[in-house]
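1. I need the structure of the sequence given here:
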Amino acid sequence: MTIRGLFTTAVSALALAACATTEVDYQGEGEGFVGPGVRVQATLETPSVGTGGGEDAADDPAIWMFDAPVTVGTTATPGFVVGTDKKAGLYVYGLDGSVLQFMPEGLLNNVDAVDGLSIGGRPQLVLGASDRTPGRTGVSLYRFDPGAGAGNGVAAWGAISTDVVEPYGFCFARRGTEVHAILVGHEGEVRQWVLTVAPDGGPAAQEVRRFDIGTISEGCVADEATNALYLGEENVGVWRYGLDPASGDARTLVQGIQPDVLVADAEGLTIIADGAARYMIGSSQGDSAFPVWRIDGAAPVYVGRFVVEAGVVDAVTGTDGLAALGGPVGPFPEGLIVIQDDVNDIGTQNFKYVDWRAVKAALGL
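-> Reported below is the predicted structural model:
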């Protein structure tokens, strides 16, 4: 990572603050307003994030399952959830919601995970997170060795430097044997890199595309099967771009901001595979609902939306980020959705776990 001087750090911090003043928050964010949608309930939740920086902290999760059980610290688990505390760092959770590890890594916003890279001759899971920490803005990278034993955990690996002033959204993608890292800046700047392992074992990133979405943006998810990249422009809607860097900035509007479908802010995006079908789930933050589109056809098709009401745990409102994974995920036999909750009943924000079967049944999928 490039070491910047104090002057550069101060300028970056001022620029970040200036960007933040342009954001417009709509009804529902932090207010508990809930719009229409079929009702489901969360099965369990994580503890509140332990930030000391106020209530607006938890932001974005990612889910990963391994081919065989792994060990995080002293805990054996078939997979885990990672989640950002954007005031403090990165959490690793068990599939039961328990905290397995915390890394005090600063102002991390969005996180994603990908396989396909070997470090030191061993296959690794790589994690990436958009990092807004003054003096090191960019993408912070982490690795997890599935083959290591007790005492193992997520470890820092390196970083991708960027000219984006305020890194916001982030996602990984696979294109054949290539691993792509995609960063979305607060003002809609997009940077796409091919990520490889350098001869010294650290990360190497080659920029292959840059373009501008237009205004404040964050949500980012790639569908490798259809070569699509979906990006959320918070006050405009959800766009579909090509995942191939050669496609440039050509795009199609999947869903514009619309009452009772997608209410600004349009926030996180995630994709879940259910057999041959694939669905994209978004966060309609303005009315605390989650629109769903089927995306395995020629064009995305809206199939309805759901809200997470109170049950065993409290309701979900004002969601920033979410992640989904289909197939068996620990106690969730057909898939799991992990959702950030803006207004938690006790303490600061946290993450809720929703069984995909409940959403399927409620939407009649």
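
2. those strands in the stretch 1-150 of the chain, which residues are they?
-> Residue ranges of the strands in the stretch 1-150 of the chain, as given by DSSP state E, counting those that start in this stretch, are 38-41, 44-45, 58-72, 75-85, 89-93, 99-103, 108-119, 122-131, 138-144.

3. Name the helix or strand for residue 357, please.
-> helix 356-363 (DSSP states H and E).

4. shouldn't residue 333 be in contact with residue 357?
-> Yes - at 7.4 Å, residue 333 counts as touching residue 357 under the criterion of CB atoms under 8 Å. Placement of C-beta: from N, CA and C, glycine included.

5. list the residues that contact both of those two?
-> Residues touching both residue 333 and residue 357 by CB atoms under 8 Å, 6 or more residues apart in numbering: none at all.

6. The two: who's more crowded?
-> Taking neighbours as other CB atoms under 10 Å, residue 333 and residue 357 compare with residue 357 leading, 15 against 12.

7. tell me the contacts of the more buried one?
-> Residue 357 neighbours (CB under 8 Å, 6+ apart): 332-335.

8. pretty sure residue 225 is in a helix, no?
-> Yes - applying DSSP: H, G, I helix; E, B strand; the rest coil, one finds residue 225 inside a helix.

9. and it, how many neighbours?
-> 11.

10. do residue 79 as well
-> Count around residue 79 with other CB under 10 Å applied: 17.

11. Pull up the pairing partners for the helix or strand containing residue 218, direction included.
-> Following DSSP H and E, one finds residue 218 within strand 217-223. The strands that strand 217-223 pairs with in its sheet are strand 228-233 (antiparallel) (by DSSP bridges).

12. Residues touching the strand it pairs with, excluding its own?
-> Under CB under 8 Å, 6+ apart, the answer for strand 228-233 is 169, 173, 182, 184, 188, 190, 213-223, 238-243, 254, 266-269, 271, 280, 282, 295.

13. Mind doing that once more with 7 Å?
-> Residues from elsewhere that reach strand 228-233 (CB atoms under 7 Å, 6 or more residues apart in numbering): 182, 184, 188, 213-215, 217-222, 238-243, 254, 266-267, 269, 280, 282.

14. do stretch 196-213 as well
-> 117-120, 141, 157-158, 160, 181, 188-195, 231, 233, 239, 245, 248-249.

15. Can you select the buried ones among the residues you listed for me in PyMOL?
-> Selecting only the buried entries of those in PyMOL, with 16 or more other CB atoms under 10 Å as the criterion:
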select buried, resi 117+119+141+157+158+160+181+188+189+190+191+192+193+194+195+231+233+239+245
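
16. Mind checking which of the contacts of stretch 196-213 land in helices?
-> Of these, none are assigned to helices by DSSP state H.

17. circling back to that earlier point, which of the contacts of residue 357 are buried?
-> Buried by 16+ other CB under 10 Å: 332, 334-335, out of the contacts of residue 357.

18. Same list, those residues, but as a markdown table with secondary structure, distance to residue 310 and pLDDT please.
-> A markdown table is the format used below for those (DSSP: H, G, I helix; E, B strand; the rest coil; distance: CB to CB, whole Å; pLDDT from 0 to 100):
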| residue | secondary structure | distance to residue 310 | pLDDT |
| --- | --- | --- | --- |
| 332 | strand | 20 | 98 |
| 334 | coil | 23 | 98 |
| 335 | strand | 22 | 98 |
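
19. Name the nearest of the residues you listed relative to residue 227.
-> Compare each of the buried ones among the contacts of residue 357 with residue 227 using CB to CB and the shortest gap goes to residue 335, at 23.1 Å.

20. ok, what's across the strand from that closest one?
-> Applying DSSP bridges, one finds that residue 335 bridges with residue 326.

21. now it: how far from residue 274?
-> From residue 335 over to residue 274 the distance is 7 Å, taken as CB to CB, to the nearest Å.

22. Overlap in contacts, these two.
-> Common neighbours of residue 335 and residue 274, using CB under 7 Å, 6+ apart, are residue 326.

23. quick one: the strands in the stretch 201-350 of the chain?
-> Under the criterion DSSP E, counting those that start in this stretch, the stretch 201-350 of the chain contains strands at 203-212, 217-223, 228-233, 237-242, 251-256, 266-274, 277-284, 290-294, 301-309, 322-326, 335-341, 350-355.

24. Tell me which of these sits nearest to residue 111.
-> strand 322-326 (8.7 Å).

25. Output the contacting helices and strands for that closest one.
-> strand 58-72, strand 266-274, strand 277-284, strand 335-341 (3 or more CB pairs under 7 Å, 6 or more residues apart in numbering; DSSP states H and E).

26. What strands flank the second one, and is each parallel or antiparallel?
-> Paired neighbours of strand 266-274 in the sheet (DSSP bridges): strand 277-284 (antiparallel).

27. what number of residues lie near residue 361?
-> 12.

28. How much space separates it from residue 306?
-> 10 Å.

29. Verify the stated contact: residue 48 with residue 348.
-> Yes - if you go by CB atoms under 7 Å, residue 48 and residue 348 touch, sitting 4.4 Å apart.

30. now the angle from the helix holding residue 357 to strand 277-284?
-> Counting by axes from the mean of the first three to the mean of the last three CA atoms, to 10 degrees, helix 356-363 lies at 80 degrees to strand 277-284.
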